[in-house]
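Q: fold the stuff below for me.
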Amino acid sequence: MGAFDWFWKAMGSSSERNDKASKSIVSSAHELIGSFEQRDDASLAAAVRETVEGGEVRDKAAFLAILSVASSRTLGMTPFEVQNQAVLRLLEGDVIQMATGEGKTLVGAIAATGYALTGRRVHVITVNDYLAQRDAEWMRPLVEFFGLSVGAVTEASTRRERAGVYRRDIVYAPVAEVGFDHLRDNQITHRSQTVQAPADVAIVDEADSVLVDEALVPLVLAGSQPGTQATGRITEAVSHLREKKDYVIDTEGRNAVLTDEGARRVEALLGIDSLYSDEHIGDTLVRVNLALHARALLIRDIHYIVDEGKVSLVDASRGRVAELQRWPDGLQAAVEAKEGLDVSEGGRILDSITLQALMGRYPRVCGMTGTAVEATDQLRSFYGLHVSVIDRAQPLRRFDEADRIYATMEEKDAAIVEEIAHLNSLGQPVLVGTHDVAESEGLAEALHGRGIAVNVLNAKNDQEEARIIAEAGDVGRVTVSTQMAGRGTDIRLGGADEADRAQVAGLGGLAVIGTARHRTARLDNQLRGRAGRQGDPGLSVFFVSLEDDIVATGGAGEQVTAHPGEDGRIESGRVSSFVEHCQRVTEGQLLEIHSQTWKYNKLLADHRAILDERRAALLDTDLAWRELAERSPQRAAELGELPAEVREQAAREIMLFHLDDEWSEHLALMDDVRESIHLRAIARETPIDEYHRIAVREFTDLANRAVDRAVETFNEVTIDAEGAHLADAGWKRPSATWTYMVSDNPLAGSGNSFISGVANIFR
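A: Numbering: from 1, shown residues only. Sure, this is the predicted structure:
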């Protein structure tokens, strides 16, 4: 450990030297701004090219000075020195931490322009369509000043529009759309069908959210084939089960398990002999467990909402509807059946990739966020990224009050209402961060009962987010929001037009109240960061009870002596330290989950890289024809009179069909293996080692089977001047495909099964 500690200490010292060097360069750059301001536009645009040589910035100070002047002319915004330091650290490949309101959007645009000027294509990765579209248009004048091109890809973009935008120098796009387009491109049979163009750099906005919180979320491309669905009969049977008698929930709330009595009760209700017989263990028991999980662990208005007859998942890290997100088919169907809705069509997974693997495809990744320091270990371990903290342009004037701790949740909730009422009576605007839809609505109802007008922002009305956030800093406003209100937008004191700014500042600025600590301090700090932007005054305070989820989970098996006052409040340094300890425990649990899941995903990502290389060779060369002709020379001779391009494309489509089909089967098989791999521990085998052994063996078989079946098809299918008639021979790609994100964390719970892990990310 000593050597390891020395290594990271040395890395830290190196980082400090780099930061000092950056500040020196930025200082020199600002001294040069005056001289470059004297130049006209054409001369300025030409001058920047002189600072670049061989794809690298030769004169960084002049480079930054020119970009600063161009920003001032085109956008009316001259970057502060700290913003230019952030630009420089992005150009060095770091993740930068900048406080809310310090101008990350401008920093990202200048850095993207800088990378593009060195000849690199840049993807600026956002968390939603709105920010991608807004930022691309907002920063377009700066980019085009240097003769570069910029555009945005959103969910509404057509295939033709996407193909055009991806060939521009700078592309703004939500991470999910980039991932889905990559998956679709992995299904093409001719290179001309490619939508994406290779990019050299990813600048990730809200980097901690994309690279850490959602890193293991799989993006899925599915094809139109029936999936597993829960029947109404099973849902009805499970609805009669009683907790602690027919089933139990584990201490971490991640898994629900039938008791012997519960199993007998289900068997009686379904009219079967045994759930564990060969006839039922592979199907009926799976469906029962899905229905039980849906009933016991997935709660309406916390984990999902029902809107217009559809189940919509709630994104736990943002507290809003997770667009295009769903659970694995069986669980999705179980929740829909539980709510009495039409069960949606399942489908065969054609391809899948995690956000972490997607980011790994870029030669360089860097990013921006307000809370990177707390994610330093994850960013370093999983991406090899360094974090640079950028100073504020103005000193922080927000007061972060110590937690107010209460014995019970009921006493805590009452205290929260009292505090909001007190602040509201003074006219001070209040933003309350809750953990789920149900809590936000319950608090709003309590405040309405006190005659306090409330704006509620949650997954049920997140389309009104911009309006609600714009008003949140006005006099007397009370805004109750789930999780991260307005990421990417600022809450301005005095309202959107800042008309009453002086009055609100005099009242102490925006007050932020957290109704409970989150499972990581990083999420707490994201909420705190809504107040105190750009030197504004502000206040933040978290209310905690000893019955909160974080205390129950992080302090499981531990006890703390508390002496609450008449109102239930506990003022004790020991109890406060205990709450901090509980949060550190849950942070450690999340990091361990990430680490273990990463090990499982890493091998699959390696296999994907091999598959991608094989696919590229089949698409870009005559390899498919050469391999098939070598394996079946007689058939090749029969096709000798066809034009070479027809023969080669026919062989290509045959090879690609079977390669893609076998990959889809491989994904399904490895999902099944990962579901049951925990059983290997019973036999004293290490689950991860056994998983790797199976994965390597199966992937080798996949490659061989794909070629063998391609040869069989090559010999049997009709091939003429119109190409290979695969569909006529029954080899048909899905008639419809769709994309979604699987909202599970496969190895989060005890037993390492996907069912035991699904609920964890919502807690």
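Q: what separates Arg584 from Thr51, distance-wise?
A: 46 Å (CB to CB, to the nearest Å). For every residue, glycine as well, the C-beta is placed using N, CA and C.
Q: which one of those two is surrounded by more residues?
A: Thr51 (21 against 13; other CB atoms under 10 Å).
Q: for the more buried one, give me its contacts.
A: Going by CB atoms under 8 Å, 6 or more residues apart in numbering, Thr51 touches 57-60, 62-63, 66.
Q: apply 10 Å and report the result again.
A: Applying CB atoms under 10 Å, 6 or more residues apart in numbering to Thr51 gives the contacts 57-67, 114, 117-118.
Q: my guess is Arg265 contacts Ser239, does it?
A: No. In this structure Arg265 lies outside contact range of Ser239 using CB atoms under 10 Å: 11.5 Å.
Q: the more surrounded of these two?
A: Comparing Arg265 with Ser239 by other CB under 10 Å, the one with more neighbours is Arg265, at 20 against 12.
Q: and for the more buried one, nearest residue in space, chain neighbours not counted?
A: Closest residue in space to Arg265, ignoring its immediate chain neighbours: Asp246 at 5.5 Å, by CB to CB, 6 or more residues apart in numbering.
Q: what pLDDT does that neighbour get?
A: Per-residue confidence (pLDDT) for Asp246: 89.
Q: got it, and Val585?
A: Val585 carries a pLDDT value of 93.
Q: check which helix or strand covers it.
A: According to DSSP states H and E, Val585 maps onto helix 573-620.
Q: I'd guessed the residue nearest to Arg265 sits against Gly262; true?
A: Yes. Using CB under 10 Å, Asp246 is in contact with Gly262, at 3.2 Å.
Q: next, show the common contact partners of these two.
A: The overlap between the contact sets of Asp246 and Gly262 (CB under 10 Å, 6+ apart) consists of 238, 240, 292.
Q: residue ranges of each domain in the protein, please.
A: Recorded structural domains for the chain (assignment: automatic domain parsing) are 80-223+355-389, 232-346, 397-584, 621-732.
Q: just how off-centre is the shortest one within its chain?
A: The chain centroid and the centroid of domain 621-732 are separated by 32 Å, computed with CA atoms, centre = their mean, to the nearest Å.
Q: can you check the distance spanned by it, start to finish?
A: 23 Å (CA to CA, to the nearest Å).
Q: same check on stretch 84-100?
A: Using CA to CA, the end-to-end distance of stretch 84-100 comes out at 16 Å.
Q: go through that stretch and flag the buried ones.
A: Buried residues in stretch 84-100, counting neighbours by 16 or more other CB atoms under 10 Å, are found at 84-92, 94-100.
Q: let's see which of those residues end up in strands.
A: Among the buried residues of stretch 84-100, the ones falling in strands (DSSP state E) are 95-97.
Q: got the contact list for Cys366?
A: Cys366 neighbours (CB under 10 Å, 6+ apart): 89-96, 108, 111, 115, 201-204, 207, 383, 385-386, 388.
Q: no no, Glu665
A: 348-349, 698, 702, 705-706.
Q: out of those, which one sits closest to Ala334?
A: Nearest to Ala334 among the contacts of Glu665 is Ile349, at 17.9 Å by CB to CB.
Q: quick check: that closest one touching Val220?
A: Yes. With contact defined as CB under 10 Å, Ile349 counts as touching Val220 (5.7 Å).
Q: the spatially closest residue to Gly554 that is not a sequence neighbour - how many residues pack around it?
A: Excluding its sequence neighbours, the residue lying closest to Gly554 (CB to CB, 6+ apart) is Cys582, at 3.0 Å. By other CB under 10 Å, 25 other residues sit near Cys582.
Q: and the pLDDT at the nearest residue to Asp612 once chain neighbours are set aside?
A: Sequence neighbours aside, Asn186 is the residue nearest to Asp612 in space, at 7.3 Å (criterion: CB to CB, 6+ apart). In this prediction, Asn186 carries a pLDDT score of 94.
Q: Asn186 touches Arg361, doesn't it?
A: No. In this structure, Asn186 is not within contact of Arg361 by CB under 10 Å, at 11.5 Å.
Q: which residues are in contact with both of these two?
A: By CB under 10 Å, 6+ apart, Asn186 and Arg361 have these common neighbours: 353, 608, 612.
Q: now for the last one, how many residues are close by?
A: Close neighbours of Asp612, defined as other CB under 10 Å, add up to 14.
Q: show me the contacts for the residue lying closest to Pro395 once chain neighbours are set aside.
A: Spatial nearest neighbour of Pro395, chain neighbours left out: Gly535 (6.2 Å); criterion: CB to CB, 6+ apart. Taking CB under 10 Å, 6+ apart, we find Gly535 in contact with 101, 392-398.
Q: rewinding a little: nearest to His658, of the shared contacts of Asp246 and Gly262?
A: Ranked by distance to His658 (CB to CB), the shared contacts of Asp246 and Gly262 are led by Leu292 at 38.7 Å.
Q: any idea how far Val257 is from the closest one?
A: Distance, Leu292 to Val257, using CB to CB: 8 Å.
Q: tell me which of these two has more neighbours.
A: Under the criterion of other CB under 10 Å, the comparison of Leu292 against Val257 puts Leu292 first, with 27 against 17.
Q: check contacts around the more buried one.
A: Contacts for Leu292 (CB under 10 Å, 6+ apart) come out as 234-235, 237-239, 241, 246-247, 249, 255-258, 262, 266, 334, 755.
Q: and these, which are buried?
A: 234-235, 237-238, 241, 246-247, 249, 255-258, 262, 266, 334, 755.
Q: among the contacts of Thr51, which are in helices?
A: Taking DSSP state H, the ones among the contacts of Thr51 that sit in helices are 60-67, 114, 117.
Q: of these, grab the buried ones for PyMOL.
A: Command for PyMOL that selects the buried part of these, burial taken from 16+ other CB under 10 Å:
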select buried, resi 60+61+62+63+64+65+66+67+114+117
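Q: ranking the domains of the chain by mean pLDDT, which is last?
A: Lowest mean pLDDT of the domains of the chain: domain 232-346, a mean of 80.
Q: about what we covered before: the residue nearest to Asp612: what's it in contact with?
A: So Asn186 contacts 221, 350-351, 353, 608, 611-612, 615, 656, 660, 663 (CB under 10 Å, 6+ apart).
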